[in-house]
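In: Need coordinates for the below:
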Amino acid sequence: MRLTRFLRIVAAAMLAAASLAAVAAPASTRPADPQAPDRPIRAMSFNIHHGVGVDSRLDLQRVADLIEAEEADVVGLQEVDRHWSARSDFVDQAAWLARELNMHVVYGANLDRDPLNPGEPRRQYGTAILSKQPILDSENTYLPRYDGHEQRGLLRARIVVRGVPVQVYNTHLQHNDAAERLDQVEAIKNLIGTPDESVVLVGDLNATPGAPEIDALVDELVDAWEAAGVGDGYTYPVEDPDRRIDYVMSSDGVVARTAAVVTTDASDHLPTWADLLLPGSKVGVERSTTGRSD
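Out: Okay, the predicted model is just below:
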């Protein structure tokens, strides 16, 4: 009995001493604000060839099925038609995919033409970003274009992944002029700048690793395939892939865990994705309350 009472007294004294020490501890020794854990995100790049596969068949459902099966959180699409022509049944492909997949979407029109008939929607061709998370704001910026060449652009979408903001960029560079691509890359670097938020860049860059335009990008961004991919990672052409021209890149603080190329006949390109970890931020960062994008 006496031993039990003695132990109770000792325990109470120790608890009181610990409480007093905690109150007296200077601010410099107190725990810092909690750090949120890193946020995973699967980012995909997919040139969909306006929904026409290597079998010359228009089938946008194949594209939707692949994106759903791969469980991508954010997808940069290239060669996307919007009421463009009969080749895609004048469908707004970006909106159709967003509805089918229950995702948010923004579209970047790099070609913008009058409708064939008065009162019909404008005919557009460009890129799109699909996101499971609401898109807070977006912008499409034209890139440098040489005479006689197709207009290209850089599409940006800002999303928040479990409290962590990220800027997602999507582009499709000129296919037949390395000097023009290099000018476009320099413009992209200037547009991205040195943001406080994490950056993910996806796209059909029409250049292979080691090309000057790719080297210019990886001077400031991390190529997810180089960091986490296995093998060559070839994405083009679908029938017998022999080059890697489709990419997922990210800013330095983002960690690439895995990367993959997906086999499909839904396009003339193979899609590629990477599982990324966005660096956590202090607890209490902004959270999105924005509804679904149009």
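
In: Touching, residue 170 and residue 141? I think so.
Out: No: with contact defined as C-beta atoms under 8 Å, residue 170 and residue 141 do not form a contacting pair (11.5 Å). The way it works is simple: take the backbone N, C-alpha and C, and place the C-beta from them, glycine included.

In: which SS state does the closest residue to residue 175 other than its chain neighbours fall under?
Out: Closest residue to residue 175 apart from its sequence neighbours, by C-beta to C-beta, 6 or more residues apart in numbering: residue 206 at 4.6 Å. What DSSP: H, G, I helix; E, B strand; the rest coil gives for residue 206 is coil.

In: Contacts only, for residue 206.
Out: Shown in contact with residue 206 (C-beta atoms under 8 Å, 6 or more residues apart in numbering): 172-175, 181, 245.

In: quick one: the strands in the stretch 151-294 of the chain?
Out: Remark: strands assigned in the stretch 151-294 of the chain by DSSP state E, counting those that start in this stretch are 153-161, 164-172, 198-204, 222-223, 246-250, 255-261, 272-278.

In: where does residue 37 land on pLDDT?
Out: If you check residue 37, the pLDDT there is 72.

In: before we move on, back to that, for the strands of the stretch 151-294 of the chain, which one sits closest to residue 85?
Out: Of all the strands of the stretch 151-294 of the chain, it is strand 164-172 that lies closest to residue 85, at 18.2 Å by C-beta to C-beta.

In: partners of that closest one, with directions?
Out: Paired strands of strand 164-172, with direction, are strand 153-161 (antiparallel), strand 198-204 (parallel) (DSSP bridges).

In: Residue ranges in the stretch 151-294 of the chain under the pLDDT threshold?
Out: 281-294 (pLDDT under 70).

In: So what's the gap between stretch 123-137 and the chain middle?
Out: 11 Å (C-alpha atoms, centre = their mean, to the nearest Å).

In: re the thing from before, can you tell me which of the contacts of residue 206 lies nearest to residue 52?
Out: Residue 52 lies nearest to residue 172 out of those, by C-beta to C-beta, at 16.0 Å.

In: Give the intersection of the neighbour lists for residue 170 and residue 141.
Out: 154, 156.

In: For the two, indicate the residue with more neighbours.
Out: residue 170 (29 against 14; other C-beta atoms under 10 Å).

In: tell me the contacts of the residue nearest to the more buried one when sequence neighbours are not counted?
Out: Leaving aside its sequence neighbours, residue 170 sits nearest to residue 76 (C-beta to C-beta, 6+ apart; 3.2 Å). Neighbouring residues of residue 76 by C-beta under 8 Å, 6+ apart: 43-46, 127-129, 155, 168-171, 202-203.

In: redo that, cut-off 10 Å
Out: Neighbour list for residue 76: 43-47, 127-131, 155, 157, 168-172, 200-204, 246-248, 271 [criterion: C-beta atoms under 10 Å, 6 or more residues apart in numbering].
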